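>>> no sequence for this one, just the structure:
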């Protein structure tokens with residue numbers, strides 16, 4: 001057999017192995033992102049209309065999150081915030097529209113103390129999606145209702161639902177543990 005034919009076969013085999021390795025790597029990365037982000041993964045795929053673009057965005061968000069130092073709350077802060085939350089809930093009975101605004105501000109205050117960026121809602125939701133993907137959609141919905149409420153377009157039931165959504169994120173943020181190790185990968 002001619003040497004050029006041997007080299008050609010070797011190049012084809014190496015290219016085939018590299019292609020298979022890349023495909024397996026992409027599939028594993030997709031599976032990891034899908035498992036970690038759950039419904040947030042599907043929402044972003046639907047938003048982009050392209051799985052590859054959505055995955056690139058989620059990888060970028062994860063990279064940005066790794067650059068943020070998120071810390072757990074001190075016990076005193078957790079107690080203080082829990083008491084403030086009880087006040088927000090009791091305030092809901094008489095003034096639900098104001099209580100939702102208070103809930104939004106309280107969640108932001110906890111995020112600030114934990115070290116999350118809060119200047120821009122899109123950044124906030126991205127960081128929440130990395131560390132607390134199960135409640136990211138709740139936060140997005142609560143914030144949307146809060147925004148509609150500013151225009152007086154939210155019903156009392158909408159406001160009740162917003163408070164429930166805020167509560168799910170609030171509970172996650174108040175938890176003693178730091179974000180899961182999987183969120184850092």
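It's in. The structure displayed is predicted, hence computed values, not measured ones.
>>> tell me the mean pLDDT for the top helix by length along the chain?
Using DSSP state H, we find that the single longest helix of the chain is helix 3-37. The average pLDDT within helix 3-37 is 84.
>>> in whichever helix or strand comes after that helix, what counts as buried?
Next helix or strand after helix 3-37 toward the C-terminus (DSSP states H and E): helix 39-48. Neighbour-count burial for helix 39-48, with 16 or more other Cβ atoms under 10 Å as criterion, is recorded at 40, 41, 43, 44, 45. Bear in mind the C-beta positions are built from the backbone N, C-alpha and C, glycine included.
>>> look up how far residue 36 lies from the spatially most central residue of the chain.
The chain has residue 129 as the residue nearest its centroid, 0.5 Å off, counting by Cα atoms, centre = their mean. Residue 129 is 10 Å from residue 36, where distance means Cβ to Cβ, to the nearest Å.
>>> do I have it right that the residue nearest to the centre of the chain meets residue 37?
Yes: using Cβ atoms under 8 Å, residue 129 is in contact with residue 37, at 6.5 Å.
>>> so can I have TSV of the buried residues of helix 39-48 showing distance to residue 142 and pLDDT?
As requested, those are exported to TSV (distance: Cβ to Cβ, whole Å; pLDDT from 0 to 100):
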residue	distance to residue 142	pLDDT
40	15	89
41	20	89
43	15	89
44	19	89
45	23	91
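>>> and the lowest-mean-pLDDT helix or strand in the chain, what does it pack against?
Every helix and strand in the chain was compared by mean pLDDT, DSSP states H and E; the lowest is helix 3-37, with a mean of 84. Under the contact definition 3 or more Cβ pairs under 8 Å, 6 or more residues apart in numbering; DSSP states H and E, helix 3-37 sits against helix 39-48, helix 51-66.
>>> buried residues in the longest helix of the chain, which are they?
Buried residues in helix 3-37, counted by 16+ other Cβ under 10 Å: 30, 33, 34, 36, 37.
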